[in-house]
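# I need the structure of the sequence given here:
(one chain, ligands or ions: 1)
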Amino acid sequence: MREKNKMTQLQLAEKLGVSDKTILKWATAKGYPDITLLEPIAAAFRISVTELISGNTIYNANVSANMLRSKFSDPGNTEYLYTHPIFQDYTKGAEMSVIEIIKNRHSYRGKYKDDKVPREDLVTIMEAGLAAPSGCNKQTTSLICVDDCDVLRQIHAVIDPPIAETAPALICVLTQRIPAYRDKCFAVQDYSAAIENMLLAIEELGYRSCWYEGHITDDDRIGDKIAKILNVPEEYDLVCILPVGIAENEPIVPRKKKFDERAWFNSFNAQSK
Ligand SMILES: Cc1cc2nc3c(=O)[nH]c(=O)nc-3n(C[C@H](O)[C@H](O)[C@H](O)COP(=O)(O)O)c2cc1C
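Numbers count the residues shown, from 1 in each chain. Below you'll find the predicted structure:
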């Protein structure tokens with residue numbers, strides 16, 4: 001709604017007298033507006049409080065969201081705003097642009113909450129992975145999502161040192177070294193594109209993850225051990241695992257080099273922006 005009104009997070013923050021960090025928290029469903037702010041928020045978007053709560057105009061916009069939408073047909077019950085997961089879901093999908101999702105994504109290596117990830121969300125995430133481009137459309141990437149506690153336990157038994165032990169789901173990324181043309185194989189590029197798509201979908205749906213590849217493809221070949229547990233045929237390599245779950249904490253945001261240290265216009269190391 002903020003974007004529809006062509007308003008930046010900072011502009012909205014100023015209008016409401018809150019910090020832009022607070023707006024970001026709302027947009028990423030890490031926090032919710034206080035009830036006393038409903039009127040100012042509605043006023044900022046020139047809509048009524050009822051419209052704000054019912055979210056009618058964006059009711060169908062977030063196709064990936066899944067939680068009990070029908071409950072929203074009762075906009076009079078403002079308690080939903082604070083108690084029902086649907087508001088979290090509605091906020092996530094409706095408020096974040098692709099650029100915001102890209103900028104919000106960070107590797108998360110902390111604990112996950114116990115909440116199971118609905119299959120519908122896992123399918124959405126895997127579909128995002130499979131929708132990625134692939135060299136000569138060879139589609140060399142395949143996926144196995146593990147959300148069964150027993151299988152998760154078997155997998156964690158072979159991961160040493162442990163990673164993502166508390167995640168309720170793990171997406172395992174498989175690749176096949178199929179040549180795209182002549183002797184060129186783009187399998188690495190293919191699965192990398194698929195992984196990034198999935199990381200962004202995970203972020204959009206309000207979960208966290210981390211691209212665990214180094215850890216499982218080292219000399220101890222943890223990926224091969226996981227592949228065995230999952231009955232993966234020999235012609236596939238298991239190269240990465242992506243945990244999926246609701247994070248208990250905030251991710252640690254790593255320092256990134258400045259734009260003009262890595263990107264320029266028209267010539268190497270030339271003027272940027
Ligand atoms: C190919 C690749 C392999 C990675 N392997 C691991 C890994 O084994 N363990 C880990 O904790 N993070 C791993 N990461 C995540 C990076 O450490 C992380 O992306 C980087 O530190 C930047 O942080 P950010 O994702 O928050 O931007 C990997 C990332 C990539 C692209």
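# chain center to stretch 132-139, what's the gap?
22 Å (C-alpha atoms, centre = their mean, to the nearest Å).
# quick one: contacts of it?
130, 140-141, 178, 180-181, 184-187, 189-190, 193-194, 196-197 (C-beta atoms under 8 Å, 6 or more residues apart in numbering). Any C-beta I mention is one placed from the backbone N, CA and C, and that applies to glycine too.
# 6 Å instead?
Where contact means C-beta atoms under 6 Å, 6 or more residues apart in numbering, the residues beyond stretch 132-139 that reach it are 178, 180-181, 186, 190, 193-194, 197.
# ok, now stretch 141-156?
Against stretch 141-156 from outside (C-beta under 6 Å, 6+ apart): 122, 126, 129, 165, 169-172, 174-175, 190-191, 194, 226, 229-230.
# hmm, try it at 7 Å
For stretch 141-156, contacts defined as C-beta atoms under 7 Å, 6 or more residues apart in numbering pick out 117, 122, 126, 129, 134, 162, 165, 168-175, 190-191, 194, 226, 229-230, 236.
# so which of those belong to strands?
Counting by DSSP state E, these place 169-175 in strands.
# wait, which of those residues is closest to the ligand?
V173 (10.7 Å; C-beta to the nearest ligand atom).
# tell me the contacts of the closest one?
Per C-beta under 7 Å, 6+ apart, neighbours of V173: 141, 143, 191, 194-195, 239-240, 242.
# once you drop chain neighbours, what's closest to it?
Take V173 and drop its neighbours on the chain: the residue closest to it by C-beta to C-beta, 6 or more residues apart in numbering is C240, 4.1 Å away.
# what is the burial count for the one you found?
25 (other C-beta atoms under 10 Å).
# number of residues surrounding E204?
For E204, the count of nearby residues is 23 (other C-beta under 10 Å).
# excluding residues flanking it in the chain, which one is nearest K113?
Nearest one to K113, counting by C-beta to C-beta, 6+ apart, is I246 at 4.3 Å.
# next up, phi/psi of that neighbour, please.
Per-residue torsions, I246: phi -90, psi 120 (degrees, to the nearest 10).
# give me the number of residues near it?
That count, for I246 with other C-beta under 10 Å as the rule, works out to 19.
# CA atoms only: put stretch 10-27 into CSV for me.
The C-alpha trace of stretch 10-27 is given here as CSV (Å, rounded to 0.1, in the frame of the first residue of the first chain):
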residue,chain,number,x,y,z
LEU,A,10,11.2,7.2,5.4
GLN,A,11,8.3,9.4,4.2
LEU,A,12,5.7,7.1,5.8
ALA,A,13,7.9,7.0,9.0
GLU,A,14,8.0,10.8,9.1
LYS,A,15,4.2,11.1,8.6
LEU,A,16,3.5,8.7,11.5
GLY,A,17,6.3,10.0,13.7
VAL,A,18,8.0,6.6,14.0
SER,A,19,11.4,5.5,12.8
ASP,A,20,12.0,4.0,9.3
LYS,A,21,13.2,0.9,11.2
THR,A,22,9.8,0.5,12.7
ILE,A,23,8.2,0.7,9.2
LEU,A,24,10.7,-2.0,8.0
LYS,A,25,9.7,-4.2,10.9
TRP,A,26,6.0,-3.9,9.9
ALA,A,27,6.8,-4.5,6.3
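# and the closest residue to Q271 other than its chain neighbours, how far from E14?
With C-beta to C-beta, 6+ apart as the criterion, Q271 has its nearest non-adjacent residue at 6.4 Å, and that residue is F265. For F265, the distance to E14 (C-beta to C-beta, to the nearest Å) stands at 31 Å.
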